[in-house]
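# pasted the sequence and its predicted model underneath.
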Amino acid sequence: MAAGAVGAVLVGAAGEAQAAPAVASSGLGPTKFDAELRKLLRDVDPKRIGATIERLTEFGTRHTLSTQTDPVRGIGAATNWVAEQMGAIAATSGGRMTVQRQSFIQPVSSRIPVPTQITNVIATLKGTASPERFYVVTGHLDSRVTDVMDFTSDAPGADDDGSGVACVLELARVFAAHQFPGTIVFATVTGEEQGLYGSSFMAQQMAAAGNDVQGMFSNDIIGASRSFDGHKPDPFTVRMFLEGIPTNVTAAQISLLQSAGGENDGKARQLGRFVHSVAPKSLTGMNIRLVWRRDRFLRASDHVSFQTLGFPAARFTEPRENFNHEHQNVQVVDGVQFGDLIDFVDFDYIARVTRVNAAALWGLATSPGTPKNAQIHTTPPGTLSGTNLTTLSWDPNPETNLTGYEVVLRETTESDWSSAIPVGKVTTVTLDISKDNVQMAIRAVDRNGNRSPAAAPQPAA
């Protein structure tokens, strides 16, 4: 049965949805957006973003190996300034937001010649109803020039990644006065250019603490809507990179994907589908171009640190990079300006990308959590060798305001969910739909009509 024409029957069984035919409803139409969210998006200020980037460039270099003791130059001074900004923002939160400097010593590696202190600045807006589920947004504070080991030359890092840091600080500012069921974490991380060290440590610490990270966004190079290379500007598009085969996949899981499908249904792809639905251009002024790759071709950013631990994560970045203004010494060669200068950054564009992040974080932290332990059962009943029925099960969500769950469906060739079947407040359901023909997932719905990201079921006996 085609996902777009679902007329499924729920087959009653003990503990399952009972008796009556399900009414197939899209549940995928236009979302009604909270007036408070719209106000928050209007509060995002391009001038503040520009002032933040200008201040960051004034530290000369923010290279991970640069001085940590000079009061005006280097990564130490930049970190102190960011911590001060985060502290001032937290002071407006009525005690809901806390700030920490997360420091550790990174041992010698290929890009770390001596043991080096790396410091992340993390502001946490604690959730009210489900504080154990976390949504993380980062930008990396460090910068570089052509030689990744050159920590003395000027490396203004306006776009890479002053733009991401400015986005994170602005998000923290506009979110500080609000409260949400889920916990939101705003972080500037360091050591990205040397090997994703700051974000790797942060992700490991969150995993060790048992934090349920249900979504993470890396904002890295989000400053330019034009590439300055003669290519037409694209001021209303941001790329969102979403891995397919999970970074932390095992050989057995790859074998299962090959036999059962689901290459396009990992946690990152579900996160991307959710963001696409809650942050449309009509709300944010931006188109989100979903790119089905882990990152740019053969490259990586801080979201990979979270993917490595199995957390759903994605990267936002501008539509077309200009490599003359990225990882380059500041110089003019044959009349061409090189270097990551503020002249090539568009504050209004960054503000729009910030609004995309804001709408996504608002949607995630306000909605129910992604259902856990979703399974699609493969053992047929009795002595049958197979069945065209599909039985799904999942763990109950902890939220107290849940009204039930929906099974979402799409053709295997479709990129996004095309229909939804309400199944009630149950944890298992049998549908008269062949699992061979469509992709399915489970999502939770609360009494305000908020829907969680979908959870793709894993094969189980």
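Ah, there it is.

# and the strands in the stretch 101-250 of the chain?
Taking DSSP state E, counting those that start in this stretch to define them, one finds strands in the stretch 101-250 of the chain at 116-125, 130-140, 182-189, 212-219, 237-241.

# partners of the fourth one in the sheet?
The partner list of strand 212-219 in its sheet, established with DSSP bridges, is strand 130-140 (parallel), strand 313-317 (parallel).

# quick one, that strand and strand 237-241 angle?
Relative orientation of strand 212-219 versus strand 237-241 (axes from the mean of the first three to the mean of the last three Cα atoms, to 10 degrees): 130 degrees.

# same for the helix or strand of the chain with the lowest mean pLDDT, what does it pack against?
For the chain, using mean pLDDT, DSSP states H and E, the weakest element among its helices and strands is helix 251-260, scoring a mean of 88. Using 3 or more Cβ pairs under 8 Å, 6 or more residues apart in numbering; DSSP states H and E as the contact criterion, the secondary-structure elements in contact with helix 251-260 are strand 458-460. Glycine gets a C-beta too; all of them are placed from N, C-alpha and C.

# if we can go back for a sec, so can I have CSV of the strands paired with strand 212-219 showing mean pLDDT?
Converted to CSV, these look like this (pLDDT from 0 to 100):
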stretch, mean pLDDT
strand 130-140, 96
strand 313-317, 98
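
# any idea which of those is most buried?
Mean neighbours per residue, mean count of other Cβ atoms under 10 Å, is largest over those for strand 313-317, with a mean of 29.

# on that earlier part again, ok, which of the strands paired with strand 212-219 comes nearest V174?
strand 130-140 (12.2 Å; Cβ to Cβ).

# got the CA positions of stretch 353-367 in PDB?
Below are the C-alpha coordinates for stretch 353-367, written out as PDB (Å, rounded to 0.1, in the frame of the first residue of the first chain):
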ATOM      1  CA  VAL A 353      20.700  31.300  10.200                       C
ATOM      2  CA  THR A 354      20.400  32.000  13.900                       C
ATOM      3  CA  ARG A 355      16.600  32.100  13.500                       C
ATOM      4  CA  VAL A 356      16.700  28.700  11.900                       C
ATOM      5  CA  ASN A 357      18.600  27.400  14.900                       C
ATOM      6  CA  ALA A 358      16.200  29.100  17.300                       C
ATOM      7  CA  ALA A 359      13.100  27.700  15.600                       C
ATOM      8  CA  ALA A 360      14.700  24.200  15.600                       C
ATOM      9  CA  LEU A 361      15.700  24.400  19.300                       C
ATOM     10  CA  TRP A 362      12.300  25.800  20.300                       C
ATOM     11  CA  GLY A 363      10.500  23.000  18.500                       C
ATOM     12  CA  LEU A 364      12.800  20.300  20.000                       C
ATOM     13  CA  ALA A 365      12.700  21.500  23.600                       C
ATOM     14  CA  THR A 366       9.000  22.200  23.500                       C
ATOM     15  CA  SER A 367       7.900  19.000  21.900                       C
END
